[in-house]
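>>> Could you work out the structure for the sequence below:
(2 chains, ligands or ions: 1)
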Amino acid sequence: MKKLLILGAGTAGTMVANRLNRLLDSGEWKITIVDQDETHYYQPGFLFLPFGVYNKNDVVKPKRYFMPFGVELIMSPIDVIEPDHNRVKLSDGRVLDYDFLVIATGADIHPEQTPGLAEHEWGQSIHTFYSYEGALALHQKFKTWQGGRLVVNVIDNPIKCPVAPLEFLMLADWYFHERGMRDKVELVYATPLSGAFTKPIASKLLGDILGQKGVKVIPDFMAEHVDPDAKKIVSFDEQEVPYDLLVSIPLNMGAAVVAKSGLGDELNFIPVNKHTFLSDKFSNIFVLGDAAGIPTSKAGSVAHFAVDTFGENFVRYSEGLELLPIFDGHANCFIESGYGKGVLIDFNYDTEPLPGRYPLPGVGPFTLLQESEANHWGKLMFRWMYWNILLKGQELPLPSLMSMAGKWAK
Amino acid sequence: MTTKTIAGKTVQVNEEGFMTAPAEWTKDIAVEIAKEEGIAELTPAHWKVIEFCRQDAAASGKTPTLRRITAGAGVTTKELFALFPKGPAKKVARISGLGKPEGCV
Ligand SMILES: Cc1cc2nc3c(=O)[nH]c(=O)nc-3n(C[C@H](O)[C@H](O)[C@H](O)COP(=O)(O)OP(=O)(O)OC[C@H]3O[C@@H](n4cnc5c(N)ncnc54)[C@H](O)[C@@H]3O)c2cc1C
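Coordinates of the predicted model:
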């Protein structure tokens, strides 16, 4: 029996376990997956928790629900990967050897990396919605908050879902309006980028939408520390941004086990081939999802397109054929913009997000880089698709490679 | 893809003004782009960073991120901000004739 070991049963690990379980011959392959946490979190839902749009039950389910028959799920923290010996040690003492390894241990927030952030004001005047607990705590905070200057700050890039901070601000605009206190709330976005978003055309268009909603953008702001008593964030070049309520997107880093195993870069992301996900160093290790150091968004939709191209490629490779360089960095993100509307962006390694229309037979078209109600429904539909289609590794009615159809190129 | 003449040499640049062929880069070009970025003079401290970035990119095929520069070139983030004000990673990349750092996606 050949052994395929998957580390991490989050979005990418679960999808790939399902996909490969279907594609590989069960008489020849033994698939094992390891995770430390019984619960699967629908992380895109964290955005909606503070505003009470979703509640707890919308975003958590047991991981076991999504594991196909035939895949062994082991619950334990992973202690270390020993690629030179083709084996992985678990914290519960077990040692697992493998023929092929897929690392899908994701990325997580590290507020402790920024002085002043996660100290005595954490959970008081400083919050985050980038974790389940954080998003629920912020919901409680909002219930009694009287208004003031709300600053959203991204510590550094890359972050999971780079549009989520913008969505948070646009939802905040809507939420405080609904509560009749929008005039008491100042919305500020302090970002290390030179504009609202990473790519130029989207940055301009999204920046315009933020402007219309009365959100002030402070670009090129790289926070060095937070002064929790004076309630201000201070940048490396000594700019200061005062706040009453700070909503932080702390530093995102890959899993600690990656660093311990000597596999990661400065932020514990693992260098891989951006078209095949094969490790730069080991010919039997692949990295999928947020754990991979590739120049595309860290997003569930990207992980999905990645798994789509990876499945058959892996089968080829395991039969001794070469990997095809097929993944194009495709990302497709619905951006919730408040008042029942949304914006859609669709891009890849080579093509930045462009305005236009995204054709989708039966449901679409969705408007690209422009607000519409259809995009809002697309976003809400995404949760249903996530639990019911995506995780089970089934195909979506979306092409995994980006298409130029409907886009307005220059 | 367009071209631009910098310090008397015609080089390829992308729509954001980053050079796309690192081999076309020269020290004179660096001095010229630095001026465009508001840095009047490149001191030895600047050159140390630029040289690290050139070497690192040649070895890895990727433009180094801010964190990689501070870890590899032996400067603190604060010093980098003093040398290359505002977005240091992006500025150094432009001056060093490299693409935009990949952290920005
Ligand atoms: C606020 C927010 C909003 C988002 N919005 C969107 C959106 O709208 N659209 C979108 O496409 N994406 C969105 N995302 C991003 C998306 O959730 C992630 O990109 C996706 O979940 C990544 O999947 P993954 O499998 O790589 O990592 P994860 O799903 O995080 O899974 C990693 C798994 O590894 C396990 N693990 C890690 N280390 C160890 C260890 N040492 N031992 C054992 N187990 C370990 C963890 O327990 C976890 O289960 C959002 C994310 C956030 C935080």
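>>> Residue A:198 is in contact with residue B:16, correct?
No - using C-beta atoms under 8 Å, residue B:16 makes no contact with residue A:198, being 10.9 Å away. Using the backbone N, CA and C atoms, a C-beta is placed for each residue, glycine as well.
>>> For chain B, list the residues in contact with chain A, please.
B:15-16, B:65-68, B:71, B:77-78, B:80-82, B:85-87, B:90, B:102-105 (C-beta under 8 Å from any C-beta of the partner chain).
>>> which of residue B:16 and residue A:198 has more neighbours?
Between residue B:16 and residue A:198, counted using other C-beta atoms under 10 Å in any protein chain shown, the more crowded position is residue A:198 (22 against 13).
>>> per-residue confidence at residue A:194?
Per-residue confidence (pLDDT) for residue A:194: 88.
>>> ah, wrong one, I meant residue B:17
The per-residue pLDDT reported for residue B:17 equals 87.
>>> again with the one 10 residues further on
The predicted local distance difference test score for residue B:27 is 96.
>>> CA-only coordinates of the helix or strand residue B:35 falls within in CSV, if you can.
Secondary structure assignment for residue B:35, by DSSP states H and E: helix B:27-36. Provided in CSV are the C-alpha atoms of helix B:27-36 (Å, rounded to 0.1, in the frame of the first residue of the first chain):
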residue,chain,number,x,y,z
LYS,B,27,24.1,51.5,-10.6
ASP,B,28,23.4,54.7,-12.5
ILE,B,29,19.8,53.5,-13.0
ALA,B,30,19.6,52.9,-9.3
VAL,B,31,20.7,56.5,-8.6
GLU,B,32,18.2,57.9,-11.1
ILE,B,33,15.2,55.9,-9.7
ALA,B,34,16.2,56.8,-6.2
LYS,B,35,15.8,60.4,-7.2
GLU,B,36,12.4,59.7,-8.6
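>>> Check which residues of that helix are buried.
Using 16 or more other C-beta atoms under 10 Å in any protein chain shown as the test for burial, helix B:27-36 gives B:29, B:30, B:31, B:32, B:33, B:34.
>>> residues in contact with the third one?
Going back to what we said before, that points to residue B:31. Residue B:31 makes contact with B:7, B:42, according to C-beta atoms under 8 Å, 6 or more residues apart in numbering or on different chains.
>>> Now do the same for it: its pLDDT.
Per-residue pLDDT puts residue B:31 at 97.
>>> And it, how close does it get to chain A?
With distances taken as C-beta to the nearest C-beta, to the nearest Å, residue B:31 is found 23 Å from chain A.
>>> I'd guessed residue A:300 sits against residue A:390; true?
Yes - in terms of C-beta under 8 Å, residue A:300 counts as a neighbour of residue A:390; the distance is 7.2 Å.
>>> which residues do the two both contact?
The contact sets of residue A:300 and residue A:390 overlap at residue A:11 (C-beta under 8 Å, 6+ apart).
>>> nearest to residue A:296, of the buried residues of helix B:27-36?
Using C-beta to C-beta, residue B:33 comes nearest to residue A:296 of the buried residues of helix B:27-36, at 27.4 Å.
>>> which residues does the closest one contact?
Residue B:33 makes contact with B:6, B:94, B:95, B:97 under the criterion C-beta under 8 Å, 6+ apart.
>>> and residue B:93, that one's in a helix?
Yes - according to DSSP: H, G, I helix; E, B strand; the rest coil, residue B:93 belongs to a helix.
>>> Please work out how many residues are found near it.
By the criterion of other C-beta under 10 Å, residue B:93 has 25 neighbours.
>>> residue contacts, residue B:89?
The contact partners of residue B:89, taken as C-beta under 8 Å, 6+ apart, are B:64, B:65, B:66, B:69, B:101, B:103.
>>> and if we set it to 10 Å?
Listed by C-beta atoms under 10 Å, 6 or more residues apart in numbering or on different chains, the contact set of residue B:89 reads A:156-157, A:192, A:222, B:53, B:63-70, B:77, B:80, B:100-101, B:103-104.
>>> Any idea how far apart the tips of stretch A:109-117 sit?
The straight-line separation of the ends of stretch A:109-117 (C-alpha to C-alpha, to the nearest Å) is 12 Å.
>>> which stretches of chain B form helices?
Assigned by DSSP state H, the helices in chain B fall at B:27-36, B:44-60, B:66-73, B:77-83, B:88-95.
>>> Select, out of these, the one closest to the ligand.
In terms of C-beta to the nearest ligand atom, the element of the helices of chain B nearest to the ligand is helix B:66-73, at 20.3 Å.
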